[in-house]
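**Student:** Got a predicted structure here, sequence first:
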Amino acid sequence: MSFRAGAVCAALFAVLAVVPASAHFQEILPSADVLPDGGKVTVDLVFTHPMERGPVMEMAKPKRVGVAAEGKTVDLLPALRETKIDGKTAWTLDHELKAPGAVTFFVEPQPYWEPAEKKWITHYAKVIVDGFASGEGWTAQVGLPVEIEPLARPTGLWTGNLFRGLVRAKGKPVPFAEIEVEWVNDGSVTAPNDAFITQVIRADQNGVFAYAMPRAGWWGFAALVDGPAAKAPDGKPAKTELGGLIWVKATDMGGAPAAAPAASAAPAPAETAPAASAPAKPAE
């Protein structure tokens with residue numbers, strides 16, 4: 001190899017070495033976060049890079065898909081329908097909310113081999129939907145290996161609200177856990193550079209984190225922990241990334257500005273009592 005060719009290759013390697021790896025997010029997005037009248041909700045499952053609007057990764061049929069409410073879990077694997085997005089496999093399902101209260105949709109996907117990072121990725125993802133706008137039942141946990149417990153109600157949130165969560169692994173808080181955050185880009189935002197694509201939070205010593213959502217739409221919070229050692233497809237040792245994801249929607253305050261309160265009418269003047277008549281002078 002010539003000196004010039006070697007220098008070019010070295011420079012290219014140096015550039016690639018500093019390019020951050022794109023964050024993977026297991027989406028589980030419902031058609032609405034609140035159903036004020038109950039009824040059908042559609043849930044889409046896609047493995048992708050939400051802020052960059054792709055690429056979409058091939059998603060094998062999940063190991064588990066379900067909905068949890070009031071301590072009970074319903075298996076939704078039979079309800080899954082395969083679909084294609086950008087030529088890659090994704091999944092969708094419909095479910096009927098018949099009673100007031102929050103339900104939690106969740107998915108345990110098959111491990112995904114990421115050759116660029118030489119590791120297996122499994123993201124346990126969930127989303128909470130409030131049936132009949134009850135505002136109740138959202139604190140219940142599914143019991144996933146890695147899970148984010150919401151400390152603020154995750155439904156009916158305004159843009160700019162502060163969302164707080166607690167990262168748990170095997171049921172225990174994870175001190176100083178790393179949480180990646182991305183917005184599901186509708187095409188209206190272009191990141192100035194790669195640093196803006198994925199926001200990163202470090203939880204405190206109790207595993208608690210907070211983030212104010214600056215734009216309307218769906219936000220994904222992915223708490224990442226190391227999993228057990230595994231083998232790559234070629235049999236070599238490989239790392240495992242386990243993620244606990246929660247999806248939260250922010251909504252803009254719409255409508256016309258509230259009218260200014262009407263000025264109070266001036267109080268009516270108090271009625272004045274008629275002056276007493278002077279007594280009549282007696283006739284002489």
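**Tutor:** Yep, it's here.
**Student:** so where do the helices sit in the stretch 151-284 of the chain?
**Tutor:** In the stretch 151-284 of the chain, no segments count as helices under DSSP state H, counting those that start in this stretch.
**Student:** just for it, where's the confidence low?
**Tutor:** For the stretch 151-284 of the chain, the stretches flagged by pLDDT under 70 are 255-284.
**Student:** packing partners for whichever strand in the chain runs longest?
**Tutor:** Here the longest strand in the chain is taken by residue count, with DSSP state E as the criterion, and it is strand 237-251. Judged by 3 or more C-beta pairs under 8 Å, 6 or more residues apart in numbering; DSSP states H and E, the packing partners of strand 237-251 are strand 25-30, strand 119-131, strand 146-150, strand 157-158, strand 162-169, strand 217-226, strand 230-231. In this view, the C-beta of every residue, glycine as well, is placed from N, C-alpha and C.
**Student:** Check the offset of it from the chain's centre.
**Tutor:** When distances are taken as C-alpha atoms, centre = their mean, to the nearest Å, strand 237-251 is centred 10 Å away from the chain's centroid.
**Student:** again with stretch 227-236
**Tutor:** 30 Å.
**Student:** Pull the CA coordinates from that stretch and hand them back as PDB.
**Tutor:** Output of stretch 227-236 as PDB, limited to C-alpha atoms (Å, rounded to 0.1, in the frame of the first residue of the first chain):
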ATOM      1  CA  GLY A 227     -26.700  -7.900  29.800                       C
ATOM      2  CA  PRO A 228     -25.000 -11.200  30.200                       C
ATOM      3  CA  ALA A 229     -22.100 -12.200  28.000                       C
ATOM      4  CA  ALA A 230     -23.200 -14.000  24.800                       C
ATOM      5  CA  LYS A 231     -21.900 -15.300  21.500                       C
ATOM      6  CA  ALA A 232     -21.900 -13.500  18.200                       C
ATOM      7  CA  PRO A 233     -23.300 -15.300  15.100                       C
ATOM      8  CA  ASP A 234     -19.800 -16.300  14.200                       C
ATOM      9  CA  GLY A 235     -19.300 -17.900  17.700                       C
ATOM     10  CA  LYS A 236     -17.000 -15.200  19.100                       C
END
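**Student:** what does it contact?
**Tutor:** Contact partners of stretch 227-236, identified using C-beta atoms under 8 Å, 6 or more residues apart in numbering, comprise 111, 113, 118, 120, 122, 237-242.
**Student:** what's the angle from the longest strand of the chain to strand 217-226?
**Tutor:** Using axes from the mean of the first three to the mean of the last three C-alpha atoms, to 10 degrees, the direction of strand 237-251 lies 160 degrees away from that of strand 217-226.
**Student:** What residues sit buried inside stretch 188-207?
**Tutor:** Taking 16 or more other C-beta atoms under 10 Å as the neighbour-count basis, stretch 188-207 is seen to contain the buried residues 197-199, 201, 203, 207.
**Student:** can you name the two of those residues that are farthest apart?
**Tutor:** For the buried residues of stretch 188-207, with distances taken as C-beta to C-beta, the pair at the greatest spread is Ile197 and Gly207 (24.8 Å).
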